[in-house]
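Asks: Need a 3D model of the following:
(chains A, B, C and D, ligands or ions: 4)
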There are 4 protein chains.
Amino acid sequence: MKVSIYGAGRVGVSVAFSLLHYSIVDKIVMVDIDKNRSIGEAMDLLHASGVFKYCNIYAGDPSDIIDSDFVVITAGRAQRPGETRLDLLIDNVKIIKSISEDIKKYAKDSIVINITNPVDVLTYLIWEFTEFDPRKIIGTGTTLDTLRLRTLLAQQCGVSSASIHAYIIGEHGDSEFMPLSSATIGGVLLRDYCADCDMKAEGSSTCLDFEKIVEEVRTAAYKIIEKKGATNLAIGAITAKLIDSIWKNEKRVWTPSVLIDDVYIGFPAVLGRNGVEKIVKLKLVDEEQELLEHSKSVIRKAIEEIKKVLETKNSPLDRISGT
Amino acid sequence: MKVSIYGAGRVGVSVAFSLLHYSIVDKIVMVDIDKNRSIGEAMDLLHASGVFKYCNIYAGDPSDIIDSDFVVITAGRAQRPGETRLDLLIDNVKIIKSISEDIKKYAKDSIVINITNPVDVLTYLIWEFTEFDPRKIIGTGTTLDTLRLRTLLAQQCGVSSASIHAYIIGEHGDSEFMPLSSATIGGVLLRDYCADCDMKAEGSSTCLDFEKIVEEVRTAAYKIIEKKGATNLAIGAITAKLIDSIWKNEKRVWTPSVLIDDVYIGFPAVLGRNGVEKIVKLKLVDEEQELLEHSKSVIRKAIEEIKKVLETKNSPLDRISGT
Amino acid sequence: MKVSIYGAGRVGVSVAFSLLHYSIVDKIVMVDIDKNRSIGEAMDLLHASGVFKYCNIYAGDPSDIIDSDFVVITAGRAQRPGETRLDLLIDNVKIIKSISEDIKKYAKDSIVINITNPVDVLTYLIWEFTEFDPRKIIGTGTTLDTLRLRTLLAQQCGVSSASIHAYIIGEHGDSEFMPLSSATIGGVLLRDYCADCDMKAEGSSTCLDFEKIVEEVRTAAYKIIEKKGATNLAIGAITAKLIDSIWKNEKRVWTPSVLIDDVYIGFPAVLGRNGVEKIVKLKLVDEEQELLEHSKSVIRKAIEEIKKVLETKNSPLDRISGT
Amino acid sequence: MKVSIYGAGRVGVSVAFSLLHYSIVDKIVMVDIDKNRSIGEAMDLLHASGVFKYCNIYAGDPSDIIDSDFVVITAGRAQRPGETRLDLLIDNVKIIKSISEDIKKYAKDSIVINITNPVDVLTYLIWEFTEFDPRKIIGTGTTLDTLRLRTLLAQQCGVSSASIHAYIIGEHGDSEFMPLSSATIGGVLLRDYCADCDMKAEGSSTCLDFEKIVEEVRTAAYKIIEKKGATNLAIGAITAKLIDSIWKNEKRVWTPSVLIDDVYIGFPAVLGRNGVEKIVKLKLVDEEQELLEHSKSVIRKAIEEIKKVLETKNSPLDRISGT
Ligand SMILES: NC(=O)c1ccc[n+]([C@@H]2O[C@H](COP(=O)([O-])OP(=O)(O)OC[C@H]3O[C@@H](n4cnc5c(N)ncnc54)[C@H](O)[C@@H]3O)[C@@H](O)[C@H]2O)c1
Ligand SMILES: NC(=O)c1ccc[n+]([C@@H]2O[C@H](COP(=O)([O-])OP(=O)(O)OC[C@H]3O[C@@H](n4cnc5c(N)ncnc54)[C@H](O)[C@@H]3O)[C@@H](O)[C@H]2O)c1
Ligand SMILES: NC(=O)c1ccc[n+]([C@@H]2O[C@H](COP(=O)([O-])OP(=O)(O)OC[C@H]3O[C@@H](n4cnc5c(N)ncnc54)[C@H](O)[C@@H]3O)[C@@H](O)[C@H]2O)c1
Ligand SMILES: NC(=O)c1ccc[n+]([C@@H]2O[C@H](COP(=O)([O-])OP(=O)(O)OC[C@H]3O[C@@H](n4cnc5c(N)ncnc54)[C@H](O)[C@@H]3O)[C@@H](O)[C@H]2O)c1
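Replies: Numbering: from 1, shown residues only, chains lettered A, B, ... in the order given. Ligands and ions are numbered 1, 2, ... in the order given. Alright, predicted model coming up:
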């Protein structure tokens, strides 16, 4: 099995490193414009592979992605402290466009997993640029946010995240939210579970402040970036897990960024060997439906804006390309 | 980590064999009155351990269970074709009593997992015989039935059982049932998921017949016993998984047989290093609550009956003991 | 990935059960003339798969083996107490012939792993019957015996079998032996390691009696069969491991039964996705070379004898077929 | 199980990240003087843990290392491009001294694994500072170099590193070497294996240039540091593997830095729950013995030098401390 990773930066390397632990990959190609970086990382990864199973890892050119089973995109500039994810857009579209052309040319049967931010907008554009079946193009969407939510709930409630079924859905960004009406722990609605819990705070009806915990998830990236300059480990771990799960055709439900109506957005979907096997028809109460629509409109607006820029003659994008 | 297993029969051996794959156990003691059987199985298991991690496995006497972290009970007569699980009761109580005395004497800090049928009744008696903290004594309860349900749903719905949250609860026997009102796939109520599903049969509101699938679970053991004489693989796999999960303190929700009011019965509970960490307050609709009460009464009656026999002077049990 | 297993007996089921723990197989077909047995075992295995990853397991007919990646042969009569492995020959050739025809017809791209005894002779015949590339046809050979040797050494020496490089080679039978001249622990010749060891017995130059330990390996099957009627767990575990390792293209050295000159015999070989990637040119001292030649001649004689029977008109074999 | 890691830099984080994949740790404490860095990394690691098993990870103070099962030391300045490992010495001794005092105070039953360079010298000093049983104090020594050697051989020879028994021993530095006289592939001396190999280059007696491959290992760190500024992935993966293997009491042979005569140096040793269970008496030919003695003397000299500095009143070390 072959995986190509665009971007040998913090995220790309973390994906590759985590993936080695599954002993399922035979070849990993790291593609980065910073050739030194990708050569160095590939050497270190190659040595690490010996702990698990030999894997042929090297720094390659776009033509080396040929016959990849998966192409993972992490190329781009990372979020800077204080900056919103949408600010990154203009800078990263150009990169994404050229990568899409590579994939179309060399790896048209691969499953494409985009991580580069703003992930929903760029995944949409990759879909447009490649013209691939949308089931084969996904973004990591709110898989990371859902992971964070479940880990925080696991920590607070003393229950394994495997028994917690709560999602973060919507834009991987400020408009994301938890649909509380369907969130459960061990088959009990989260709301009821908390109301009944012995750990409940004095004078409160639940021990958890749901809004606070979602806020914690929503701002986790900002906080981590403030402290260490980037987030890379959890996104690396969850992306490697997605690849393992898709490769083994497990058909689990995740919250990747998938095409719903006219946008790519984080929503529960079954992933298997064919990519998106099914989008889950999650029931939302009115208030949640509104939040979803709002989140869609945020993404839609960003797509429209960037499309306008793309269509403009002598657009900044062209000029960047022209450089 | 040390595990002692009473009964080196089909089930006991399957538990041990599956457990080796986790590379977490240092010592396994197989205790069986049929010494030849346990010596042979222990030799074969010892050789198998080399594929994973060396584990000291041998056929031992009750005193060899000393300092066990887990004691697994599979000793007893297996269900015969046509026979109900309750029929086994009288025959197995005597065995259970003497094993309980061993555990009390040699392994009072262990977590005890009972598999011998009728599992709910015998687990209750083990609790009474040992006088241990009920959190340290569990039966496999409906963990096997829940596993079967999820596997059958996974097969029919094309979704990983990891994303299916449906339980079988109650007596591990004919009165068990699925609380449909809380069963979900990917966060959607099973009922709604099915109604919306593309695979839905013509002229039907859902593609699944819920009663039929539960009936399939309920009768699975009978069918397998009819075909191959016993069931041992799935129970072996799920018990080994329980041990791994408890040992790693994962705190997942399972449906072991746990003490609820005055009976041991299959019900959702969080299992960790302390045994039963929490019993989940599953919400049941009236009809389900009735089914649970009925199931409890079935177990209660069996316990009362056996207690009467136990209290009778010159009871069949004494006479058996006296032999 | 698809595996077909002929024989849903003790060995076939142990292979399938162990294999589930690797979460790499999508489909397992159990083929047995005893349809009840295979249906029962397939149901039990299917439920067990839910603990790991859903796997479609069913009792099939020969035509169901189509497109298998691996075909494992365990069909046949098992060794009876006291009986040598060669005694089984006549009974099992007929079975093997018909299975070879199935494989030729339905699964010509599969890797075939034979376990049925006498494993070296029958693997040779499968190769002749199928006329496949010999690299795609292997027997389990002395992989089980090597496993046993390493596990016993691990136990006695307190060193992981992963750090012990000692083999049992030759016929999977009474003429097998350990080439002591190349056996090492942690890079030290076994002989030297033992001579230097603190655990060395009083008045002895080493603590291990090499002949005794090889004798223990050689007679392990007899002893286990005497105690429990068959050996199935260690062979199940090692075969599943072989499949996992071949599938992942690990290219480890094992001691399968491979074609050397005119016989199939247990010898170190590198196994990968192409089957036998390379036969290792193990250096043997004269005495060991003689033992190997002797072992080859034992197998050669058995093959010749059976070929004579096969060529005889109205041979017992034909008559069996005619029944 | 609890692991404390000094240094939340590139290496420390890679150890923690890899370790999460084994699902064996309940608590990880990251101790770094750069509190922001350790808080940020701990948050990211905590989220990542949810993919495997919840693990309580946080940025702690020295007193938080209490009751650790393992203390891993990665604190210090990393090697700069061009700089030899010994150059780092003076800068890192002070750090090591204060950490040793923490361990002595809070975690006297832990196994200590030192990674900070120069690893052999500093591990020796940790042993002196703590006055612990030397079996409980190890350095990663040449485990990383052995890993690199085996991975490169695996790549060139098309054989799994699990079947390659070759070591790099001596100082983790320029004087390290491969004892070719005991190196084997699949039980065949590496020298013979290569001479017999089909891949052998024209006009050459072997296809491998042994000196060249060892040189590649010896200079790997320099090359990687030149390209990406540090090496962290392979050392992270091998250290996590060591922890897993020790915790499971596997008793494999590795090449950690262990106390031999009056120095700590990379040499084959069996590691288990007690730390160093046994030092393997590897046979060396004269030339190799000389290389080992030379390597020892390099380490010895560095230790002596630093001791002189330590003993000097108003030593640079005191003055640094005084700042
Ligand atoms: N979706 C998520 O949940 C999530 C989480 C974390 C980070 N991210 C995003 O991942 C991206 C990468 O983050 P990072 O921290 O790894 O950044 P980084 O700066 O460490 O690495 C990015 C790498 O991309 C390379 N690159 C730039 N242009 C390229 C091109 N045309 N082709 C190939 N490589 C190219 C750079 O040389 C650099 O090595 C960012 O967009 C970040 O916002 C997303
Ligand atoms: N709870 C479940 O979900 C579940 C599933 C399958 C089987 N079971 C039950 O598991 C039990 C074992 O089934 P099996 O198929 O392994 O039966 P088995 O007959 O193959 O094995 C039972 C073993 O217990 C031994 N034994 C009897 N008395 C003993 C004693 N006093 N001490 C030690 N060993 C003793 C017997 O010698 C025998 O080897 C049965 O009660 C069966 O109904 C339960
Ligand atoms: N090579 C080794 O190291 C090793 C180790 C253990 C056992 N074995 C051998 O494995 C074989 C199986 O042993 P077991 O204990 O599983 O025996 P078993 O009797 O339990 O199972 C054999 C199965 O094969 C079935 N069978 C017979 N003819 C068949 C046919 N034509 N097609 C399909 N299925 C057929 C039988 O119905 C039975 O279910 C024996 O030959 C035994 O000697 C080899
Ligand atoms: N032995 C090997 O095989 C091997 C391999 C790679 C790296 N290394 C060594 O590992 C060490 C760490 O390398 P790195 O790349 O992670 O460096 P790094 O600079 O990224 O991280 C070192 C961390 O240690 C912290 N630190 C400094 N003083 C401290 C103290 N007193 N207490 C706690 N934390 C303190 C720093 O703040 C920093 O975060 C270096 O010495 C390097 O040479 C060894």
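
Asks: contacts, neighbours, all on C-alpha from now
Replies: Will do.

Asks: Same question for stretch A:155-165: list its buried residues.
Replies: For stretch A:155-165, a neighbour-count test (16 or more other Cα atoms under 10 Å in any protein chain shown) marks A:155, A:157-165 as buried.

Asks: With secondary structure added, can I get those residues in TSV?
Replies: Putting these into TSV (DSSP: H, G, I helix; E, B strand; the rest coil) gives the following:
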residue	secondary structure
A:Gln155	helix
A:Cys157	helix
A:Gly158	coil
A:Val159	coil
A:Ser160	coil
A:Ser161	helix
A:Ala162	helix
A:Ser163	helix
A:Ile164	strand
A:His165	strand
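
Asks: ok, of those residues, which one's closest to ligand 3?
Replies: Using Cα to the nearest ligand atom, A:Ala162 is the member of these that lies nearest ligand 3, at 36.9 Å.

Asks: Between the buried residues of stretch A:155-165, which sits nearest C:Trp247?
Replies: Proximity of the buried residues of stretch A:155-165 to C:Trp247 (Cα to Cα) peaks at A:Ala162, which lies at 28.7 Å.

Asks: From chain C, how far out is the closest one?
Replies: With distances taken as Cα to the nearest Cα, to the nearest Å, A:Ala162 is found 13 Å from chain C.

Asks: Any residues of the stretch 201-323 of chain A in contact with chain B? List them.
Replies: Proximity of the stretch 201-323 of chain A to chain B (Cα under 8 Å from any Cα of the partner chain) is limited to residues A:250-253, A:268, A:270, A:280-283.

Asks: try 7 Å this time
Replies: Taking Cα under 7 Å from any Cα of the partner chain, the part of the stretch 201-323 of chain A that reaches chain B is made up of A:250-253, A:270, A:282-283.

Asks: Switch these over to a markdown table, and while doing so, append secondary structure to every line.
Replies: Output for those, formatted as a markdown table (three-state DSSP):
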| residue | secondary structure |
| --- | --- |
| A:Glu250 | coil |
| A:Lys251 | coil |
| A:Arg252 | strand |
| A:Val253 | strand |
| A:Val270 | strand |
| A:Leu282 | coil |
| A:Lys283 | coil |
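
Asks: Need phi/psi at A:Ile137.
Replies: Dihedral angles of A:Ile137 (phi, psi; degrees, to the nearest 10) stand at phi -120, psi 120.

Asks: Give the burial count for the closest residue to it other than its chain neighbours, as a bare number.
Replies: Nearest residue to A:Ile137, sequence neighbours excluded (Cα to Cα, 6 or more residues apart in numbering or on different chains): A:Val112, at 4.9 Å. Neighbour count for A:Val112, taken as other Cα atoms under 10 Å in any protein chain shown: 30.

Asks: Give me every residue in the stretch 101-250 of chain A lying close to chain C.
Replies: Contact residues of the stretch 101-250 of chain A with respect to chain C, defined by Cα under 7 Å from any Cα, are listed as A:248, A:250.

Asks: Enumerate every residue touching the residue of the stretch 101-250 of chain A found nearest ligand 1.
Replies: The nearest approach of the stretch 101-250 of chain A to ligand 1 comes at A:Thr116, 3.7 Å away (Cα to the nearest ligand atom). Going by Cα atoms under 7 Å, 6 or more residues apart in numbering or on different chains, A:Thr116 touches A:73-76.

Asks: repeat for A:Ala107
Replies: Taking Cα under 7 Å, 6+ apart, one finds A:65-68 in contact with A:Ala107.

Asks: what does A:Lys278 give?
Replies: A:269-270.

Asks: What pLDDT does the model give A:Lys313?
Replies: Looking at A:Lys313, its pLDDT is 57.

Asks: what do you get for A:Pro316?
Replies: A:Pro316 carries a pLDDT score of 54 in this model.

Asks: Equivalent analysis for A:Lys278, please.
Replies: Taking A:Lys278 on its own, its pLDDT is 96.

Asks: hang on, the earlier thing: generate a ChimeraX selection restricted to the buried entries among the contacts of A:Ala107.
Replies: The following ChimeraX line selects those of these that are buried, judged by 16+ other Cα under 10 Å:
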select /A:65,66,67,68
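
Asks: In helices, which of the contacts of A:Ala107 appear?
Replies: Counting by DSSP state H, the contacts of A:Ala107 place none of their members in helices.

Asks: just checking, which of the contacts of A:Ala107 belong to strands?
Replies: Residues of the contacts of A:Ala107 located in strands (DSSP state E): none.

Asks: phi, psi of the nearest residue to A:Arg148 once chain neighbours are set aside?
Replies: Distances taken as Cα to Cα, 6+ apart place D:His47 nearest to A:Arg148, at 5.2 Å, with adjacent residues excluded. Dihedral pair for D:His47: phi -60, psi -40, per degrees, to the nearest 10.

Asks: A:Leu20 is in contact with A:Gly50, isn't it?
Replies: No: assessed by Cα atoms under 7 Å, A:Leu20 is found out of contact with A:Gly50, at 9.2 Å.

Asks: want to try CSV for the residues of the stretch 201-323 of chain A next to chain B, with neighbour count and distance to B:Lys104 as columns?
Replies: Converted to CSV, these look like this (neighbours: other Cα atoms under 10 Å in any protein chain shown; distance: Cα to Cα, whole Å):
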residue, neighbour count, distance to B:Lys104
A:Glu250, 27, 43
A:Lys251, 28, 45
A:Arg252, 24, 43
A:Val253, 26, 45
A:Val270, 24, 48
A:Leu282, 18, 50
A:Lys283, 16, 51
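
Asks: could I get those as CSV with pLDDT and distance to chain D?
Replies: Output for those, formatted as CSV (pLDDT from 0 to 100; distance: Cα to the nearest Cα, whole Å):
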residue, pLDDT, distance to chain D
A:Glu250, 96, 15
A:Lys251, 97, 16
A:Arg252, 98, 13
A:Val253, 98, 14
A:Val270, 98, 17
A:Leu282, 96, 23
A:Lys283, 96, 25
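
Asks: can you tell me the helix or strand for A:Asn92?
Replies: helix A:89-106 (DSSP states H and E).

Asks: And ligand 1, is that helix touching that?
Replies: Yes: using Cα under 6 Å from any ligand atom, helix A:89-106 reaches ligand 1 at A:Ile95.

Asks: what are the pairing partners of the helix or strand following that helix, and which direction each?
Replies: Note on helix A:89-106: by DSSP H and E, the next helix or strand toward the C-terminus is strand A:111-114. Applying DSSP bridges, strand A:111-114 is found paired with strand A:70-73 (parallel), strand A:137-139 (parallel).
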